[in-house]
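predicted model, plus sequence, below.
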Amino acid sequence: MDNVICVIGIGEDGAGGLTTQSLRIIEECGVLCGGERQLSFFPRFTGKTITLQGGLERFAERLDQVHREHKTVVLASGDPLFFGIAGYLVRRFGPQQVEVIPHYSSVQLAFARLGDSWQDAELISLHGRPVQGLAQRIDGRAKVALLTDEVNTPARIAAYLLDFGMKEYEAFVCEHLGGPDERCSFWELEDMFRHEFAALNVVILRRKPGSGGRRRRGFAYPDEAFAQRKPEKGLITKREVRALVLSELNLAENAVVWDVGSGSGAVAAECARIARLGKVYAVEKEAVNLPNMEANRREFRADYTIVHSRAPEGLEQLPDPDAVFIGGSGGELADIIAHAAERLRPGGVIVISAITIETLHGSMTALAAAGLKTEVTQLQASRGRPILGMTRFEGLNPVFVVSAAKPE
């Protein structure tokens with residue numbers, strides 16, 4: 001009969017930090033699994049040991065073989081269900097086959113050292129994950145806890161935040177939490193950028209009192225807030241159109257978005273702030289627009305990827321999208337739509353803004369050829385302008401917004 005796999009959380013203080021119950025389970029088990037550091041805490045263990053290496057799937061296959069015949073314990077750092085291995089094992093073997101005995105998590109201990117509550121903190125793991133996209137995830141948040149790794153070090157995180165002008169945060173870095181070499185200290189980002197820390201660390205970012213940050217609420221920000229080509233200011237999707245486009249895109253937090261013919265990057269910036277856990281790609285063929293796109297990326301703390309390419313070239317390298325906005329096509333509208341429709345994930349949408357009837361017709365024709373049902377809205381807005389102490393309305397150019405969804 002299969003034995004239940006027991007996953008036991010362990011801290012930097014090793015066996016001395018475990019309860020008598022956990023120690024008894026380890027002493028009685030036939031197989032002890034874990035990373036090299038966790039296994040080193042039990043040099044006198046006489047049973048079989050398995051080192052966690054070669055990836056989770058390979059480890060799970062070995063675990064599947066041994067736990068049927070032997071009582072098996074898996075050692076994991078801190079709380080194994082907090083960005084840990086236990087969640088994977090429960091999904092792999094089922095909740096009835098896995099028992100979890102948690103230790104305190106590194107984040108829990110870090111906030112204890114800081115002397116601050118953490119139920120309202122944003123918790124983010126950068127362990128084995130890219131730092132890209134962190135800006136929009138944490139912008140405006142009062143407390144953020146970051147789990148680091150050998151690439152995303154405190155110095156690397158500081159450099160990233162400084163690049164986006166996020167100086168309203170101070171950092172609290174905890175090294176070797178719970179162990180004899182524990183060290184916790186406050187840092188300004190400029191100083192943290194130049195310092196080398198121990199590999200085992202947790203970073204807490206806390207907004208400085210009175211800083212307020214630069215949190216932008218809502219969406220469809222004023223046109224004037226974006227850097228754009230001067231004296232020509234035509235390469236931006238106007239605020240009123242952006243509001244409708246963003247509604248039609250209907251982005252999930254983890255959406256993959258293509259903004260084709262990005263121009264100033266205004267739509268890309270707004271999409272990145274909505275799809276804060278996803279990825280946004282701003283595709284633009286004109287090199288003269290790239291500095292404005294970069295400026296808006298930093299100003300709006302919207303970490304989208306700029307792709308300098310003439311679509312549909314360059315789209316092949318991008319991941320399949322959940323949503324595509326086409327604001328400019330450079331004469332390649334039909335090919336762009338055909339490529340986007342083929343790559344679009346089920347349930348995804350394509351939204352196109354057209355200022356000419358020719359582009360409207362081309363959009364409707366290409367979307368129909370791709371087998372997508374279309375909806376179109378003509379948007380004609382006017383903005384109030386002062387005149388002799390009164391207000392007149394100045395009409396904007398009419399815009400057609402075409403949208404189509406791919407069946408689930």
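Sure thing, it's come through.

from here on, just use CA atoms for contacts and neighbour counts.
Will do.

what is the mean pLDDT for stretch 268-276?
For stretch 268-276, mean pLDDT is 97.

next one: stretch 344-354
Mean predicted confidence for stretch 344-354 is 97.

how long is it from one end to the other?
20 Å (Cα to Cα, to the nearest Å).

which positions within that stretch qualify as buried?
344-345, 348-354 (16 or more other Cα atoms under 10 Å).

from the residues you listed, pick the one nearest P43.
Distance ranking of those against P43, using Cα to Cα, places R345 first at 51.1 Å.

can you pull the contacts of that closest one?
Counting by Cα atoms under 8 Å, 6 or more residues apart in numbering, R345 touches 320-322, 406.

let's see 10 Å
By Cα atoms under 10 Å, 6 or more residues apart in numbering, R345 lies in contact with 256, 320-323, 405-408.

farthest-separated two in the residues you listed?
It's V256 and P407 that sit farthest apart of those, by Cα to Cα, at 17.2 Å.

give me the more crowded residue out of those two.
Neighbour comparison, V256 and P407: the larger count goes to V256, with 25 against 12 (by other Cα atoms under 10 Å).

specify the beta-bridge partners of the more buried one.
Beta bridges link V256 to K279 when assigned by DSSP bridges.

wait, it sits on A268?
No. Using Cα atoms under 10 Å, V256 makes no contact with A268, being 11.2 Å away.

now the most centrally placed residue in the chain: closest residue in space that isn't a chain neighbour?
The centroid of the chain falls nearest to L277 when counting by Cα atoms, centre = their mean (3.3 Å). Nearest residue to L277, sequence neighbours excluded (Cα to Cα, 6 or more residues apart in numbering): N254, at 4.5 Å.

hmm, R137 and that neighbour touching each other?
No. The criterion here is Cα under 10 Å, and N254 misses it with R137 at 11.2 Å.

so which of the two has more stuff around it?
R137 (22 against 15).

list the contacts for that one?
Applying Cα under 10 Å, 6+ apart to R137 gives the contacts 122, 124, 144, 272-278, 301-303.

ok, the residues you listed vs G115, which is closest?
Nearest to G115 among the contacts of R137, with distances taken as Cα to Cα, is V144, at 14.4 Å.

S185 reaches D191, doesn't it?
No. Using Cα under 10 Å, S185 is not in contact with D191; the gap is 11.8 Å.

what two of the buried residues of stretch 344-354 are the furthest from one another?
R345 and A354, at 23.4 Å, using Cα to Cα across these.

highest neighbour count among the contacts of R345?
Busiest of the contacts of R345 [other Cα under 10 Å] is A323, holding 27 neighbours.

report the beta-bridge partner residues of it.
Beta bridges link A323 to V257, V349, judged by DSSP bridges.

so what's it up against?
If you count contacts by Cα under 10 Å, 6+ apart, then A323 has 248-252, 255-259, 271, 280, 340, 344-345, 347-351, 405-406 around it.

repeat that for I5.
Per Cα under 10 Å, 6+ apart, neighbours of I5: 63-64, 66-68, 70-74, 89-90, 93, 96-100.

go again using 8 Å as the cut-off
67, 71-74, 97-99.

just the buried ones among these, please.
So, by 16+ other Cα under 10 Å, the buried ones in these are 67, 71-74, 98-99.

okay, these in a markdown table with pLDDT, distance to F197 and secondary structure next?
Below are these laid out as a markdown table (pLDDT from 0 to 100; distance: Cα to Cα, whole Å; DSSP: H, G, I helix; E, B strand; the rest coil):
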| residue | pLDDT | distance to F197 | secondary structure |
| --- | --- | --- | --- |
| H67 | 92 | 38 | coil |
| K71 | 95 | 39 | coil |
| T72 | 96 | 35 | strand |
| V73 | 97 | 32 | strand |
| V74 | 97 | 29 | strand |
| V98 | 96 | 35 | strand |
| E99 | 96 | 35 | strand |
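
of these, closest to L52?
For the buried ones among the contacts of I5, the nearest to L52 is V74 (9.1 Å; Cα to Cα).

is the closest one in contact with I8, as I believe?
Yes. Between V74 and I8 there is a contact at 6.2 Å, judged by Cα atoms under 8 Å.

shared neighbours of these two, anything?
Common neighbours of V74 and I8 (Cα under 8 Å, 6+ apart) do not exist.

tell me what the helix or strand harbouring L290 is packed against?
Assigned by DSSP states H and E, L290 belongs to helix 290-299. Applying 3 or more Cα pairs under 8 Å, 6 or more residues apart in numbering; DSSP states H and E, we find helix 290-299 packed against helix 266-274, strand 305-308.
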